[in-house]
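A.B. asks: Show me how the following folds:
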Amino acid sequence: MSAIESDLNKGQKLVKMLDLMARRGGVRASELADRFELDPRTFRRYLADLRALDVPVIDDGRGEDRIVAIDPQWKRTGVSLSLSEVLSLHFGRSLWNFLEGTSFASDLHGAIERLEPAISRAHSDLAKQLDTKFVAVPEHAKDFRGEASEVIDEVVTALVYNNPVDARYKKPTGLAQSYQLHPYTLAVFRQGLYVFAFDVDAGQVKTFAIERFTDLVRRRTEHFEYPGGWSPRAHIAHAFGIIGGQPEEVVVAFIPAVTAYVRERTWHPTQTFRTLPDGRLELRIQVAVTVELEQWLRGFGAEAQVLAPPRLVERIGASLRAASAQYG
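C.D. replies: Below you'll find the predicted structure:
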């Protein structure tokens with residue numbers, strides 16, 4: 001048992017016991033007795049106190065291995081989940097699987113576990129089969145376990161309390177730099193976590209990938225003033241993904257073979273299409289020219305031709321020529 005639980009008073013212990021007993025399947029009596037340092041007589045008295053409060057305690061079995069639980073119907077009073085809500089809840093949880101091993105994932109599992117008693121009996125059996133009927137196919141996910149998980153906890157707490165942080169950040173080039181940051185927003189993008197934070201020295205908001213922080217310390221006793229006009233969506237309004245910047249008009253022509261694929265997606269809110277005289281599809285977007293945009297364009301190879309701006313035309317052309325040279 002943790003030191004925190006050993007210091008709880010009776011009322012606090014009863015609240016925590018009630019929470020454990022209300023979980024699906026209940027909890028072993030021995031686990032409750034050990035966790036809250038209760039001898040058999042005190043344990044029986046605690047259960048009696050709960051029953052006196054009209055809590056429907058189920059005490060099934062004998063000895064310390066018996067299961068103690070709360071009647072699911074009691075916790076479901078006034079709360080019921082429809083089948084569509086159950087499906088949405090399950091599918092939503094699967095979208096966050098890339099955070100497995102972090103406090104985000106454990107808190108989400110705990111929250112859903114609390115809601116399970118609200119699933120009607122008619123739907124409870126169906127809910128057990130959802131893992132085979134609904135699935136979120138994972139992308140190339142990042143690993144947020146270990147030190148990254150600790151960074152996430154510090155960042156989230158700093159976000160909640162407006163604490164400045166001192167951070168050491170390693171860029172993709174390998175160069176490390178120290179920052180004093182004011183975290184504004186935690187963003188999810190392609191199974192990665194990013195922080196939009198104000199760089200105090202540079203005087204501007206920048207985007208940082210969580211896993212690249214090699215050290216991050218929250219200034220617990222300090223607080224910055226959260227800007228009233230801050231909008232994370234405005235910060236990435238011109239981004240082709242997560243990295244913002246000054247927008248430019250980017251023009252790309254796609255061959256007919258990929259026209260349907262390009263047309264059926266929203267690549268950027270500013271996009272416009274038109275068919276060129278030679279049958280190719282022209283895409284125009286007002287967007288920041290970043291590494292994300294360049295990687296996307298290179299992925300089309302000979303199926304796309306960048307027409308503007310000139311510096312992007314040159315960079316993509318040079319990159320594809322270098323790639324072609326590797327194959328003789």
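A.B. asks: what's the neighbour count on the nearest residue to residue 145 once chain neighbours are set aside?
C.D. replies: Ranked by Cβ to Cβ, 6 or more residues apart in numbering and with sequence neighbours excluded, the top spatial neighbour of residue 145 is residue 101, at 3.6 Å. Placement of C-beta: from N, CA and C, glycine included. Residues lying near residue 101 (other Cβ atoms under 10 Å) number 14.
A.B. asks: in what helix or strand does residue 101 lie?
C.D. replies: In the assignment (DSSP states H and E), residue 101 maps to no helix and no strand.
A.B. asks: tell me the pLDDT at it?
C.D. replies: Confidence at residue 101, expressed as pLDDT, is 72.
A.B. asks: was I right about it contacting residue 148?
C.D. replies: No - with contact defined as Cβ atoms under 8 Å, residue 101 does not count as touching residue 148 (9.0 Å).
A.B. asks: Overlap of the contact sets of these two?
C.D. replies: Here residue 101 and residue 148 share no contacting residue, scored by Cβ atoms under 8 Å, 6 or more residues apart in numbering.
A.B. asks: so who does the residue nearest to residue 227 when sequence neighbours are not counted touch?
C.D. replies: For residue 227, ignoring the flanking residues on the chain, the nearest one in space by Cβ to Cβ, 6+ apart is residue 184 at 7.5 Å. Contact analysis of residue 184 by Cβ under 8 Å, 6+ apart lists 159, 195, 196, 197, 198, 205, 226, 227, 230, 232.
A.B. asks: which of these count as buried?
C.D. replies: Buried subset of the contacts of residue 184 (neighbour count, 16 or more other Cβ atoms under 10 Å): 159, 195, 196, 197, 198, 205.
A.B. asks: what sits opposite residue 57 in the beta ladder?
C.D. replies: residue 70 (DSSP bridges).
A.B. asks: so how far is residue 66 from it?
C.D. replies: 12 Å (Cβ to Cβ, to the nearest Å).
A.B. asks: before we move on, what about residue 233?
C.D. replies: Counting by Cβ to Cβ - residue 233 and residue 66 are separated by 54 Å.
A.B. asks: These two - which one has more neighbours?
C.D. replies: Applying other Cβ under 10 Å to residue 233 and residue 66 shows that residue 66 carries more neighbours, namely 13 against 7.
A.B. asks: Which pLDDT value goes with the more buried one?
C.D. replies: 84.
A.B. asks: surely it meets residue 47?
C.D. replies: No - if you go by Cβ under 8 Å, residue 66 and residue 47 don't touch, sitting 11.1 Å apart.
A.B. asks: so what sits against both of these two?
C.D. replies: Joint contacts of residue 66 and residue 47 (Cβ under 8 Å, 6+ apart) are residue 59.
A.B. asks: hmm, back to that, pull the most distant pair out of the buried ones among the contacts of residue 184.
C.D. replies: 159 and 205 (13.8 Å; Cβ to Cβ).
A.B. asks: Phi first, then psi, for the closest residue to residue 258 other than its chain neighbours.
C.D. replies: Nearest non-adjacent residue to residue 258, counting by Cβ to Cβ, 6+ apart: residue 303, 4.9 Å away. Dihedral angles phi and psi of residue 303 (degrees, to the nearest 10) take the values phi -80, psi -10.
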